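Enquirer: One predicted model, sequence on top.
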Amino acid sequence: MFDVAKPITVNLRTPEGVKTIRVRFPSDEDWIERQRRRKVIIKQLGRGISETIISGGEDADAALLAKIREGDGEVDPFEANRIVEQLSQAEVDDVVQTGDSFRVALRVLGGVVTHLLKMPSAKDVFEYRRGFARVLDLPYNRQELTINLGAAGALYKKLITATEGYAGEAPIIHQAVAVKAAIDALDAGFQESAGPN
């Protein structure tokens, strides 16, 4: 059972030995702020090749860890990044369409959870995509991408009918993955039904 209210103990292996770090699970606002501070820079190298760099990721994770940490001890920004990445783990195991809904199974920290989402409308998908990512064109063939988890959370609240495996509400970091999985499954189903011209 995934419970955001329970404190979490992370054992971080380092060259100096194992560091035991106790944290609370970040709130939805914490996740939104972390994602807003992480800038994804995409540089076009030419011939269809691009390079993706996350700018400010370690600093954003260090700030988040400082906010959610319980106890003392030194943790550098790169160790903070490893801890926050563990907390944010949400991998899609399966997406099954059942009637006009999608059952999305996610593998998260501590187990498997399930989200039952209604099928989004074309307008829902359009508004989600418009609000989820902001792309700025920069000089020297670069783009800056900023993710807004709030857009995923808003669509999730509109589509959710049930969850399994949670004690309370699903955190926004899981909501975003479930919404994207449902939209991807919807898009894949549309492409299959369209067939060749």
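Expert: Thanks, I have it.
Enquirer: shaky segments in this protein?
Expert: For the chain, the stretches flagged by pLDDT under 70 are 190-197.
Enquirer: Residues contacting the helix ranked longest in it, please?
Expert: Using DSSP state H to define each element, the chain has its longest helix at helix 172-194. Residues lying outside helix 172-194 but in contact with it, judged by CB atoms under 8 Å, 6 or more residues apart in numbering, are 26, 28, 31-32, 87-88, 90-92, 95, 97, 102, 104, 106, 108, 113, 115, 117, 119-120, 125, 128, 149-150, 152-153, 155-156, 159-160, 170. All C-beta atoms are positioned from the backbone trio N, CA, C, and that covers glycine.
Enquirer: Which of those residues are buried? Put it as a ChimeraX command.
Expert: Entered in ChimeraX, the line below selects the buried ones among the contacts of helix 172-194, by 16 or more other CB atoms under 10 Å:
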select :26,28,31,32,87,88,90,92,95,102,104,106,108,113,115,117,119,120,125,128,149,150,152,153,155,156,159,160,170
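Enquirer: Now intersect the contacts of helix 172-194 with the strands, please.
Expert: Among the contacts of helix 172-194, the members found in strands (DSSP state E) are 90-92, 95, 97, 102, 104, 106, 108, 113, 115, 117, 160.
Enquirer: Just put those in JSON lines and tack on distance to Glu58.
Expert: Compiled in JSON lines, these are given as follows (distance: CB to CB, whole Å):
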{"residue": "Ala90", "distance to Glu58": "21"}
{"residue": "Glu91", "distance to Glu58": "22"}
{"residue": "Val92", "distance to Glu58": "26"}
{"residue": "Val95", "distance to Glu58": "32"}
{"residue": "Gln97", "distance to Glu58": "39"}
{"residue": "Phe102", "distance to Glu58": "35"}
{"residue": "Val104", "distance to Glu58": "30"}
{"residue": "Leu106", "distance to Glu58": "26"}
{"residue": "Val108", "distance to Glu58": "23"}
{"residue": "Val113", "distance to Glu58": "28"}
{"residue": "His115", "distance to Glu58": "30"}
{"residue": "Leu117", "distance to Glu58": "33"}
{"residue": "Ile160", "distance to Glu58": "33"}
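Enquirer: Pull the most distant pair out of those residues.
Expert: Spanning the widest gap among these are Gln97 and Val108, at 21.7 Å by CB to CB.
Enquirer: elements contacting the host helix or strand of Asn81?
Expert: Using DSSP states H and E, Asn81 sits within helix 77-87. With contacts taken as 3 or more CB pairs under 8 Å, 6 or more residues apart in numbering; DSSP states H and E, helix 77-87 sits against strand 8-14, strand 17-23, helix 57-68.
Enquirer: quick one: it to chain centroid distance?
Expert: Helix 77-87 sits 14 Å away from the centroid of its parent chain (CA atoms, centre = their mean, to the nearest Å).
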